[in-house]
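Asks: Sequence isn't available, so here's the structure alone:
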């Protein structure tokens, strides 16, 4: 399993936890709702087209769409504009290639935490085999290692391109009205991709992902389709996160925990189910605790949007508790949950892993004290980039501990 832990993956994951970008950058009364919505792609026929369960939504009468449009999406000058377009991040190059646009909608940069979560689940199973393990002469079955490598790769394809891609595409679909005002260069409001093409992509990624999930269950010999059940549940959470009437993203507690669960617990359980069994409460409790820490990480992404959230009536935690209150909720949820996990590892006799986890927590506390707490708005990106590598390595350390611990002793 350790051969999968490539450090470059962690560097990229520091930004990838910023999952679903806000669709506004400020507020102003200078842009009218009518003129803004005119930027949306329209049907050429008079027929009212809808795609169940993704109908053409009418603009909400109680939603303020008078956000201030940002500057145009200027390409960066460092030569990375084409790569940024493929990754789905700002500063991207423009393109008319429909396949590049489709990939952009899935935001590949956000696949990384899910892939990492699958790796952690495989480690926690204690049943992932190396192709040739230099540290264990009993783990050098090349054919078994190749099969496990293939299983892991397919599970990562499920969690990343398919189900995370589905999540990101459906989020852009339901944000298309506000994107038409604040980010009109995005694929859907700019008309670079038609409504029908977007709906096809949503269904293709969803149904394709569920098909892959069932295939993994068959491959793993499951009597009950555990991976499929997890995939259906995760897809449902993704839908209610973005879609009315629930639209969890409008509520700080529910929305942020949904993100934490989707990016930590679900891929962990998927990876562990592919290679082992989810047959002990601890296999559920520890990922859920890390998802609470993920809630704190998601709060960081809300600080820069607090004014827009307040004007649009979104109850993000910085709106509900103020920036000062939310920053302590953020720091507390990240720190206390990891302390709880370390205490549990110590209680089952895994003092070395507990010490490693505490060692990885100390830099996070330092960055909270020097970046997050002094000014969470100005330092949000810097805090995420410097703190999160230690956080995700802590998740892997915990998973490795569970995989190596003898629960029958």
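Replies: Sure thing, it's come through. Predicted model, so just to flag it, every value in this text is computed and none were measured.

Asks: only C-alpha atoms for contact and neighbour calcs from this point on.
Replies: Noted.

Asks: Helices of the stretch 201-350 of the chain, residue ranges please.
Replies: Assigned by DSSP state H, counting those that start in this stretch, the helices in the stretch 201-350 of the chain fall at 226-242, 252-260, 266-275, 282-300, 306-312, 317-347.

Asks: now the shortest one, how far from the chain's geometric center?
Replies: Meaning helix 306-312. 23 Å (C-alpha atoms, centre = their mean, to the nearest Å).

Asks: Ok, the longest one next?
Replies: Relative to the chain's own centre, helix 317-347 is displaced by 19 Å; criterion: C-alpha atoms, centre = their mean.

Asks: Let me know the next secondary structure element after that helix.
Replies: Per DSSP states H and E, helix 317-347 leads on to helix 351-367 as the next helix or strand towards the C-terminus.

Asks: which element follows that next one toward the C-terminus?
Replies: According to DSSP H and E, the helix or strand after helix 351-367 is helix 380-404.

Asks: And the contacts of that following helix?
Replies: By C-alpha atoms under 8 Å, 6 or more residues apart in numbering, the residues outside helix 380-404 that reach it are 10-11, 13-15, 120-121, 123-127, 290, 297, 300-301, 303-304, 341, 345, 350, 353, 356-357, 360-361, 363-364, 367-368, 371-372.

Asks: looking only at pLDDT, what's the mean for it?
Replies: The average pLDDT for helix 380-404 rounds to 95.

Asks: List the buried residues of it.
Replies: Neighbour counts over helix 380-404 (16 or more other C-alpha atoms under 10 Å) mark 380-381, 383-403 as buried.

Asks: And for stretch 220-228?
Replies: 220, 222, 225-228.

Asks: Buried among the contacts of helix 380-404? Need that as a selection in PyMOL.
Replies: Here is the PyMOL command that picks out the buried ones among the contacts of helix 380-404, judged by 16+ other C-alpha under 10 Å:
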select buried, resi 10+13+14+15+120+121+123+124+125+126+127+290+297+300+301+303+304+341+345+350+353+357+360+361+363+364+367+368+371+372
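
Asks: Please name the residues that touch residue 251.
Replies: Residue 251 sits next to 314-317 when contact means C-alpha under 8 Å, 6+ apart.

Asks: could the buried residues of stretch 220-228 be laid out in TSV, adding pLDDT and distance to residue 285?
Replies: Listed next are the buried residues of stretch 220-228 as TSV, based on pLDDT from 0 to 100; distance: C-alpha to C-alpha, whole Å:
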residue	pLDDT	distance to residue 285
220	96	23
222	97	22
225	97	21
226	97	17
227	98	18
228	98	21
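
Asks: Now the two most distant members of the residues you listed.
Replies: Using C-alpha to C-alpha, these reach their maximum pairwise distance at 220 and 228, which is 11.9 Å.

Asks: Give me the buried subset of the contacts of residue 251.
Replies: The neighbour-count criterion (16+ other C-alpha under 10 Å) marks 314-317 among those as buried.

Asks: Flag the helix or strand of this protein with the lowest per-element mean pLDDT.
Replies: helix 33-37 (a mean of 36; mean pLDDT, DSSP states H and E).

Asks: related to what we said a few turns ago, now, which of the buried ones among the contacts of residue 251 sits nearest residue 214?
Replies: residue 316 (35.9 Å).

Asks: Tell me the spacing between the closest one and residue 244.
Replies: For residue 316, the distance to residue 244 equals 17 Å [C-alpha to C-alpha, to the nearest Å].

Asks: what does residue 173 give?
Replies: 12 Å.

Asks: So which of the two has more stuff around it?
Replies: Ranked by neighbour count (other C-alpha atoms under 10 Å), residue 173 and residue 244 place residue 173 first, with 23 against 12.

Asks: quick one: contacts of the helix or strand harbouring the more buried one?
Replies: Applying DSSP H and E as the criterion places residue 173 in helix 165-174. Residues outside helix 165-174 that contact it (C-alpha under 8 Å, 6+ apart): 20, 105-108, 111, 188, 198, 201-202, 205-206, 235, 238-239, 242-243.
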